[in-house]
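Student: Need a 3D model of the following:
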Amino acid sequence: MTRPAVALLALAVTLPLLGACQTAPEGAEPQALLPADADPGTYWQGDRSQAYERAYVVARNPQEWSDLWARVGEAAPGPLPGDRMAAAVFLGPRDTGGYGVSIVSARAAGGDVVVGYRERVPGPAQAVAQMQTSPYAVRLIPMAAGAAKFQREK
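Tutor: Numbering: from 1, shown residues only. Modelled structure (predicted):
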């Protein structure tokens, strides 16, 4: 048998085994609640909110949705869909530009939801605008009855 044929045979045997290692057990529910990319109309972020402190906010009803957008300083972009809740992270005031936040994941953990977010911090040599900012991110996620826990990711 030639060397390329041996390599191809080894690959044919190994690939199915690797795929089996990555497959969830039969009957197990997927833990990830969000697609990798946010759909338009389900994700908002910016660097100018009315939040005067760091806050993690969840909105499950129209009043909470309205209150969340009051923290942003804008009118809600529309009604909160009945099958969704909103998760929001407000960083609070920053003395310069260059800061930001994004909601990158939501996963089920028991009856709760863990919302993963990332913060962007300007580097020491990065040129930034000398103005006060207050970054925020809001994302719609599937409705869950349990507590929402926010976790900073790297």
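
Student: What ranges in the chain fall below the confidence cut-off?
Tutor: Applying pLDDT under 70 to the chain flags residues 1-38, 40.

Student: If we use 90, what do you get?
Tutor: Of all residues in the chain, those with pLDDT under 90 make up the ranges 1-41, 110-111, 144-145, 154.

Student: Going by residue numbers, what spans are helices in it?
Tutor: Shown for the chain, the helices assigned by DSSP state H span residues 3-22, 62-72.

Student: Check the offset of the shortest one from the chain's centre.
Tutor: Read it as helix 62-72. Computed by Cα atoms, centre = their mean, to the nearest Å, the separation of helix 62-72 from the middle of its chain amounts to 19 Å.

Student: outside of it, which residues touch it?
Tutor: If you take Cβ atoms under 8 Å, 6 or more residues apart in numbering as the criterion, helix 62-72 is touched by 44, 46, 49-51, 55, 57-59, 75-77, 79-80, 86, 88, 90, 136, 138. The way it works is simple: take the backbone N, C-alpha and C, and place the C-beta from them, glycine included.

Student: try 6 Å this time
Tutor: When contacts are taken as Cβ atoms under 6 Å, 6 or more residues apart in numbering, the neighbours of helix 62-72 outside the stretch itself are Ser49, Gln50, Ala51, Val57, Ala59, Ala76, Leu80, Ala86, Ala88, Tyr136.

Student: filter the residues you listed to the buried ones?
Tutor: If you count burial by 16 or more other Cβ atoms under 10 Å, the buried members of the contacts of helix 62-72 come out as Ser49, Ala51, Val57, Ala59, Ala76, Leu80, Ala86, Ala88, Tyr136.

Student: which residue sits closest to Lys149, ignoring its sequence neighbours?
Tutor: In this structure, Lys149 finds its nearest non-sequential neighbour in Val114, 5.0 Å apart by Cβ to Cβ, 6 or more residues apart in numbering.

Student: who's in contact with that neighbour?
Tutor: Taking Cβ under 6 Å, 6+ apart, we find Val114 in contact with Arg107, Lys149, Gln151.

Student: And for Met143?
Tutor: Each residue near Met143 by Cβ under 6 Å, 6+ apart is listed here: Asp83, Arg84, Met85.

Student: I'd say the second one and Leu140 touch.
Tutor: Meaning Arg84. Yes - contact status for Arg84 versus Leu140: in contact at 4.4 Å, counting by Cβ atoms under 6 Å.
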